[in-house]
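> Sequence and predicted structure, then a few things I'm wondering about:
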Amino acid sequence: MSHTIYALSSGRLPAAIAVIRISGPKAGLALQALAGKIPEPRRAAYAKFTDPDSRETLDDGLVLWIPGPKSETGEDMAELHIHGGRAIVASIFRVLGKLEGFRPAEAGEFTRRALLNGKIDVTGVEGLGDLIAAETEAQRRQAIRQFRGGLSKKVETWREKLLSALSQIEAAIDFSDEGDVPDNLLHAARNTAAELLAEIRLALRDAARGERLREGFTVAIAGPPNVGKSTLLNRLAERDVAIVSDIPGTTRDVIEVALDLKGVPVVLIDTAGIRETSDPVEAEGVKRARARAEAADLVLWLVDDDTNLVPRDPKREWIVRTKADLMTAKPKPNQLAVSAMTGAGMDALIGKLSEAASQLAGEPALVTHARQRKALEEAGEHLMALSKPEISGREELFAEELRSAANALARVTGKIGVEDVLGEIFKNFCVGK
């Protein structure tokens, strides 16, 4: 029999209210021990909480009883809504810890039990994790679509069509001598596979946007030393996050700042000044700066003179003329001009950054995690293989590719192979969720 687990599911203490969640076969016993009764299911009831050994009153509050399997975890569940003092919570935990078969929950264990009991699938778990971590409106919208089954419903529809086609092919193989088996099943299955491949490719086309929206639209601020990179970063962040100095090479490592621009997460990266140097520490900073600039979604290349620098990719690299308050000539047509000291040109730069970032927002993407993308890519590869001459006309090989594609889709939702990904999925979950 599994343990009954408990944890604080509300925020950091002290707080006005604390919620203690209990799940497992003995959840009802916890209510009887602390509150002296099990209330009517799914209706909050007032209770006094006492230590069953000393009969000392610990607190009073509300209790909820949610018997399984119609609960979030699929098990019997209880919630204690108590005053959020540290001593009160500790006293409740002390009582629960003395009950046989009880133990504190591990990080993400309530959700893990929901997954294993079929109350949620893997994509829903990933969506829940993203929803908890969401810091912007666009991230919230994408996460809640995932949590509510946006991808899993689509994948299950694809998988059912594949399994239907597979069953027909297997029927043709097993009962080829029967007169009631329809002819030309391979042709019909091939058409179904082609339609699904097109839909999968459409979903994958948006996968990069979905993953970037989760992680943040990265903007690298690059350029030679003393051009104003750290000053611009501080201005955009509206606080001093980077050291500003006239001494070249002050920034030795990459500094990252997260911003919210029109509901889209943006990660600003201040890099070391790019120049030739004999200082090994600064040289390592320059190396990292080049690498981060190459990997960023957008690079603001800063200059403080009238150089005629031309971006290699105008959509990805913007030339920003700094120290606009000291300029005597107009900036060139392909340049933005700003002064981080006076604020001149900052509104235009922020507006353009917001516009570039908001292209990520749009409609929430279906595919938001690399794990999902890789499984769909594998499914697509098996569907593409159906058109190969050595497979297309052979029913046994054709059926095997369909089966492999269906299995790859099943890994998206966790119908198979779920144990292989549990550790990765739950590593960032908090205790009590």
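In hand now; what should we look at?
> What residue, apart from its backbone neighbours, is nearest residue 385 spatially?
Nearest non-adjacent residue to residue 385, counting by Cβ to Cβ, 6 or more residues apart in numbering: residue 401, 5.0 Å away. For glycine as for every other residue, the C-beta is placed from the backbone atoms N, C-alpha and C.
> tally of neighbours for residue 41?
11 (other Cβ atoms under 10 Å).
> which residues touch the residue nearest to residue 385?
For residue 401, the contact set (Cβ atoms under 8 Å, 6 or more residues apart in numbering) comprises 382-383, 385-386, 391.
> let's see 6 Å
Contacts for residue 401 (Cβ atoms under 6 Å, 6 or more residues apart in numbering) come out as 382, 385-386.
> from those, which is closest to residue 192?
Nearest to residue 192 among the contacts of residue 401: residue 386, at 10.0 Å, using Cβ to Cβ.
> now that closest one: how far from residue 398?
Separation of residue 386 from residue 398 (Cβ to Cβ, to the nearest Å) stands at 6 Å.
> So these two - more neighbours on which side?
Between residue 386 and residue 398, residue 398 has the larger neighbour count (other Cβ under 10 Å), namely 25 against 19.
> Report how many residues lie close to residue 256.
Per other Cβ under 10 Å, the neighbour tally for residue 256 reads 14.
> Show me what it is bridged to.
As for beta bridges, residue 256 partners with residue 269 under DSSP bridges.
> Quick check, pLDDT for it.
Note on residue 256: pLDDT of 79.
> Please report the distance of it from residue 232.
14 Å.
> Quick one: residues in contact with stretch 204-219.
Identification of contacts with stretch 204-219 by Cβ under 6 Å, 6+ apart yields 130, 138, 142, 265-268, 296-298, 357, 360, 365, 367-368, 373, 376.
> mind listing which of those residues are in helices?
130, 138, 142, 357, 373, 376 (DSSP state H).
> out of the residues you listed, who's nearest residue 187?
Of all the ones in helices among the contacts of stretch 204-219, residue 187 sits closest to residue 376, with 25.0 Å by Cβ to Cβ.
> what's the burial count for that closest one?
Residues near residue 376, counting by other Cβ under 10 Å: 24.
> just residue 362 next, same as before
Neighbours of residue 362 using other Cβ under 10 Å come to 13.
> Quick check: the residue nearest to it when sequence neighbours are not counted vs residue 364, distance?
Spatial nearest neighbour of residue 362, excluding adjacent residues (Cβ to Cβ, 6+ apart): residue 209 at 7.5 Å. Between residue 209 and residue 364 the computed distance is 10 Å (Cβ to Cβ).
> what do you get for residue 303?
Applying Cβ to Cβ, the value for residue 303 to residue 364 is 38 Å.
> Same question for residue 37.
Separation of residue 37 from residue 364 (Cβ to Cβ): 44 Å.
> The two: which has the busier surroundings?
Ranked by neighbour count (other Cβ under 10 Å), residue 37 and residue 364 place residue 364 first, with 20 against 11.
> quick one: the more buried one from residue 263, how far?
According to Cβ to Cβ, residue 364 and residue 263 sit 12 Å apart.
> before we move on, what about residue 168?
Distance from residue 168 to residue 263, by Cβ to Cβ: 47 Å.
> Got the domain ranges for this protein?
Using automatic domain parsing, the domain parsing of the chain gives 4-105, 133-209+368-408, 217-358.
> Mean pLDDT lowest where, among these?
Ranked by mean pLDDT, these end with domain 217-358 at the bottom, a mean of 72.
> Now do the end-to-end distance for that one.
With Cα to Cα, to the nearest Å as the measure, domain 217-358 spans 9 Å from end to end.
> got the contact list for residue 119?
residue 74.
> Backbone dihedrals for it, both of them.
When quoted as degrees, to the nearest 10, the phi and psi of residue 119 stand at phi -90, psi -20.
> do residue 50 as well
Dihedral angles of residue 50 (phi, psi; degrees, to the nearest 10) stand at phi -130, psi 150.
> Same question for residue 297.
Dihedral angles of residue 297 (phi, psi; degrees, to the nearest 10) stand at phi -70, psi -30.
> what's near enough to touch the residue nearest the centre of the chain?
Centroid-nearest residue in the chain, with Cα atoms, centre = their mean: residue 130, separated by 3.9 Å. Remark: with contacts taken as Cβ under 6 Å, 6+ apart, residue 130 is in contact with 143, 214.
> Kindly recompute the last result at 10 Å.
139-140, 142-147, 210, 213-214, 368-369, 428 (Cβ atoms under 10 Å, 6 or more residues apart in numbering).
> show me the contacts for residue 387.
Taking Cβ under 10 Å, 6+ apart, we find residue 387 in contact with 190, 193-194, 197.
> correction: residue 109
Counting by Cβ under 10 Å, 6+ apart, residue 109 touches 3, 5, 7, 23, 73, 103, 426, 429, 431-433.
> Rebuild the residues you listed as a markdown table, extending it with neighbour count, distance to residue 96 and secondary structure.
Formatted as a markdown table, the contacts of residue 109 follow (neighbours: other Cβ atoms under 10 Å; distance: Cβ to Cβ, whole Å; DSSP: H, G, I helix; E, B strand; the rest coil):
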| residue | neighbour count | distance to residue 96 | secondary structure |
| --- | --- | --- | --- |
| 3 | 16 | 11 | coil |
| 5 | 23 | 10 | strand |
| 7 | 21 | 10 | strand |
| 23 | 28 | 12 | strand |
| 73 | 25 | 17 | coil |
| 103 | 14 | 9 | strand |
| 426 | 18 | 22 | helix |
| 429 | 20 | 21 | coil |
| 431 | 15 | 14 | strand |
| 432 | 20 | 13 | coil |
| 433 | 18 | 18 | coil |
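> For residue 79, state which of these is nearest.
Nearest to residue 79 among the contacts of residue 109: residue 23, at 9.7 Å, using Cβ to Cβ.
> Bridged to the closest one, which residues?
Legend: beta-bridge partners of residue 23 under DSSP bridges are residue 5, residue 77.
> Repeat that for residue 431.
Under DSSP bridges, the beta-bridge partners of residue 431 are residue 107.
> Do you know the pLDDT at it?
pLDDT recorded at residue 431 is 79.
> wait, it sits on residue 108?
Yes - the pair residue 431 and residue 108 qualifies as a contact (Cβ atoms under 10 Å) at a distance of 8.0 Å.
> Run through the residues that contact residue 353.
Residue 353 makes contact with 217, 219, 236, 259, 261-262, 264, 266, 268, 298, 300, 318 under the criterion Cβ under 10 Å, 6+ apart.
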